[in-house]
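Novice: Got a predicted model here, sequence first, then my questions.
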Amino acid sequence: MLENTNKISKNIDPLQKTIELIKSKDFIVYFFVINTKGNALASIEYVYRQCKIMKEAGYNAKLMYEPDKQGNPPDVSGWLGEEFNDLPHVSISTKDLNLKTADVIIIPELFTPLMYSLRGVPCHKIILCQNHENIFEFLGDEDSKAIQNKFNTTWTDTFKITDAIVTGE
């Protein structure tokens, strides 16, 4: 009995710390974006706007990106303006990216490889579904793209993702 109580208290302590981080807004919301290379994309504009709204609401929101060959973040100043370009960016490949349990990563539905690479990361992951037709497009076993594997892959079981934000009804 005492052994079970110790196991429970070991699980409760980190949970309480995470709850306190959330209450105090001491966590980071990461929005994954791609480098559009200066081309305007409505789906990326939506993500930048959501990040800006979160920053204005007092949350620590950042744009997570995969750097180009020179290691540069996306530049949206030409089509979204400096106010969006000045939002904080963090490279997904940096060693400084230290995700905590309370952190949140918002991943557009098209980025299955990112979902695979983050499945063991202990943070909250949310799918951003901007086009329902893309939901199943890239699902499948990462080692085999056989059609039957698409139907054996789920966000919950494969990626440990249980939440989604949708932009429609």
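Specialist: Good, I have the coordinates.

Novice: wait, doesn't residue 74 sit right on residue 34?
Specialist: Yes - counting by CB atoms under 8 Å, residue 74 touches residue 34, with 7.2 Å between them. For every residue, glycine as well, the C-beta is placed using N, CA and C.

Novice: okay, these two: which has more neighbours?
Specialist: Set residue 74 next to residue 34 and count neighbours by other CB atoms under 10 Å: residue 74 wins out with 22 against 15.

Novice: Just give the closest residue to that one, not the sequence neighbours.
Specialist: In this structure, residue 74 finds its nearest non-sequential neighbour in residue 35, 4.1 Å apart by CB to CB, 6 or more residues apart in numbering.

Novice: Can you classify that neighbour as helix, strand or coil?
Specialist: coil (DSSP: H, G, I helix; E, B strand; the rest coil).

Novice: list the residues that contact both of residue 74 and residue 34?
Specialist: 44, 65 (CB atoms under 8 Å, 6 or more residues apart in numbering).

Novice: Check the model's average confidence along stretch 32-49 for me.
Specialist: For stretch 32-49, mean pLDDT rounds to 92.
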